[in-house]
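Novice: Sequence and computational prediction follow.
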Number of protein chains: 2
Amino acid sequence: MDRRQMKTREAIFDAFSALLSQKNYNKITVGEIIDLANIGRSTFYAHFETKDHLLQELCRTLFEHVFSDALDHELTHDFSLSNSNAHDLIAHTFYHLREDHQNILRILNCESSGTFLNFFKEDFTQHFSPLLSQLFLEKTIAVPKDFLMEHVNATFIHTVLWWIREDLKTSPETLADYYLKVLGIA
Amino acid sequence: MDRRQMKTREAIFDAFSALLSQKNYNKITVGEIIDLANIGRSTFYAHFETKDHLLQELCRTLFEHVFSDALDHELTHDFSLSNSNAHDLIAHTFYHLREDHQNILRILNCESSGTFLNFFKEDFTQHFSPLLSQLFLEKTIAVPKDFLMEHVNATFIHTVLWWIREDLKTSPETLADYYLKVLGIA
DNA sequence: TCGTTACAAAACATTGTGTTAGATATTATT
DNA sequence: AATAATATCTAACACAATGTTTTGTAACGA
């Protein structure tokens, strides 16, 4: 890929996420982005069809490897998920979020978090929910399966958001404890 | 208040929520609202400073009495909250949501739900969280109190959203069961 | 009935979106 | 090093939506 393309793409992403940490997504204009990224107007539209597409691509690139990396790393050893395995898996994901992806956390905490959560939720559901719901089913709680899956999902997101709001002062292991505790698996 | 004012205010609210059930909040234009409400442009701006203010006022008027009404009705009898009381209280709120406020449910389910959930969440937190967290503390789960409160909160919202998505086919009592079950109080 | 007030219609300035044209600079190719 | 390809920049453009203003009219309350 052309170096120029990569440079401007970088610049756009940087400017965009910088603006996102300051103001709501809906209030950000393309004009502001290109000013901060220091690129021409037509250049922006050569890269991204609309502002919505930019958001989508940013989320995709950010979230892409968080969950899958964590799972790959953990499941290499053991495919059957015990309680302690689940704890390690969750904790590992929290580590991953904290160390390698500060950008994700900053963006999840911005005013437009709702917009990002949809993407975040999708990835989480895809990778984790099946495994966790399997753990639950062993306990045979008398609620519908899809209700349970969404609960596991929503609780994970709420856990991450709480963590960010507490400025990541809780350790990944402890946070994984909290998560599994309120879910009743612990 | 002038009858004319009330009439146009009604018309604006009706048109707005009708549009919200069709498309995302951000995509709705003032032009569409005034066309559907059949009022003049200047009239709209005489009533609402911006589209955001309209949204805010709509949420306020819709959510205002849902939680407080439910609480008033229930707590008249008994201020100490036992497990069965909690179940009745939750179920009563679900009834309230279903019967008296179809508008709320339709709006919570629209594409812009994230926007409304902030208001919804506020009201719920204000009225319910203290009572429910009290129930939890008796069980002395080893997680921080504010984490627990937010969990109770987020789970309620997720429960309502799941209910809507299932087209309200679950009875309020059963739904209250589900809610308390996944919270571990049941 | 009379003063007040809400409304409609239309024009208006302003801002943001997305497109297009030609000129310039950077890149990969030979 | 010369060349072809292409990413970029400046600038102007049409378009849509926002929010304001003006003027005339109709509905309201007293």
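Specialist: Thanks, I have it.
Novice: Disregarding residues adjacent in the polypeptide, which is nearest to the most centrally placed residue in chain A?
Specialist: Among the residues of chain A, A:Phe120 comes closest to the average C-alpha position under Cα atoms, centre = their mean, at 4.2 Å. Distances taken as Cβ to Cβ, 6 or more residues apart in numbering or on different chains put A:Phe63 closest to A:Phe120, at 6.0 Å, once the chain neighbours are dropped. C-betas here are computed from N, CA, C, even on glycine.
Novice: returning to what we had before: return the residues in contact with the residue nearest to the centre of chain A.
Specialist: A:Cys59, A:Phe63, A:Leu108, A:Ile157 (Cβ atoms under 8 Å, 6 or more residues apart in numbering or on different chains).
Novice: just curious, which of these is nearest to DNA strand C?
Specialist: Within the contacts of A:Phe120, the smallest distance to DNA strand C is 17.4 Å, found for A:Cys59 (Cβ to the nearest atom of the strand).
Novice: Give me the nearest residue to the closest one, chain neighbours excluded.
Specialist: Closest residue to A:Cys59 apart from its sequence neighbours, by Cβ to Cβ, 6+ apart: A:Phe119 at 3.9 Å.
Novice: my read: the one you found touches A:Phe63, true?
Specialist: Yes. Between A:Phe119 and A:Phe63 there is a contact at 5.8 Å, judged by Cβ atoms under 8 Å.
Novice: Looking at the two now, which is surrounded by more residues?
Specialist: A:Phe63 (21 against 16; other Cβ atoms under 10 Å in any protein chain shown).
Novice: and the more buried one, what does it touch?
Specialist: Taking Cβ under 8 Å, 6+ apart, we find A:Phe63 in contact with A:Ile104, A:Phe119, A:Phe120, A:Asp123.
Novice: Kindly export the helix or strand hosting the third one (C-alpha atoms) in CSV.
Specialist: Using DSSP states H and E, the secondary-structure element containing A:Phe120 is helix A:113-127. As requested, C-alpha coordinates have been extracted for helix A:113-127 and formatted as CSV (Å, rounded to 0.1, in the frame of the first residue of the first chain):
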residue,chain,number,x,y,z
SER,A,113,-20.0,5.2,23.7
GLY,A,114,-23.4,3.9,22.8
THR,A,115,-22.4,4.0,19.1
PHE,A,116,-19.3,1.9,19.8
LEU,A,117,-20.9,-0.5,22.1
ASN,A,118,-22.9,-2.0,19.3
PHE,A,119,-19.7,-3.0,17.5
PHE,A,120,-18.1,-4.1,20.8
LYS,A,121,-21.1,-6.1,21.7
GLU,A,122,-21.2,-7.9,18.3
ASP,A,123,-17.6,-9.1,18.7
PHE,A,124,-18.1,-10.2,22.3
THR,A,125,-21.2,-12.1,21.5
GLN,A,126,-19.6,-13.8,18.6
HIS,A,127,-16.6,-15.0,20.6
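Novice: what about it and DNA strand C, any contact?
Specialist: No. Helix A:113-127 stays clear of DNA strand C (Cβ under 7 Å from any atom of the strand), getting no nearer than 14.7 Å.
Novice: Next, the angle helix B:113-127 makes with that helix.
Specialist: Put simply, helix A:113-127 runs at 100 degrees to helix B:113-127, going by axes from the mean of the first three to the mean of the last three Cα atoms, to 10 degrees.
Novice: Spell out which parts of chain A neighbour DNA strand C.
Specialist: When proximity is defined as Cβ under 7 Å from any atom of the strand, chain A approaches DNA strand C at A:Asp2, A:Arg3, A:Arg4, A:Thr29, A:Val30, A:Gly31, A:Arg41, A:Ser42, A:Tyr45, A:Glu49, A:Thr50, A:Lys51.
Novice: What residue spans form the domains of chain A?
Specialist: Using automatic domain parsing, the domains assigned to chain A come out as A:3-48, A:56-183.
Novice: ok, back up a step: mind picking the two most distant members of the residues of chain A next to DNA strand C?
Specialist: Farthest apart among the residues of chain A next to DNA strand C by Cβ to Cβ are A:Arg3 and A:Thr29. That separation is 27.8 Å.
Novice: The two: which is more packed in?
Specialist: More neighbours surround A:Thr29 than the other of A:Arg3 and A:Thr29, with 11 against 7 (other Cβ under 10 Å).
Novice: So which residues of chain A form strands?
Specialist: Counting by DSSP state E, chain A has no strands to list.
Novice: how about the residues of it near DNA strand D?
Specialist: The interface of chain A toward DNA strand D, taken as Cβ under 7 Å from any atom of the strand, is made up of A:2, A:4-5, A:7-9, A:38-43, A:46-47.
Novice: could you list every residue that touches the closest residue to A:Arg41 other than its chain neighbours?
Specialist: Leaving aside its chain neighbours, A:Arg41 sits nearest to A:Ile34 (5.7 Å; criterion: Cβ to Cβ, 6+ apart). A:Ile34 makes contacts with A:Ala15, A:Gly40, A:Arg41, A:Thr43, A:Phe44, as judged by Cβ under 8 Å, 6+ apart.
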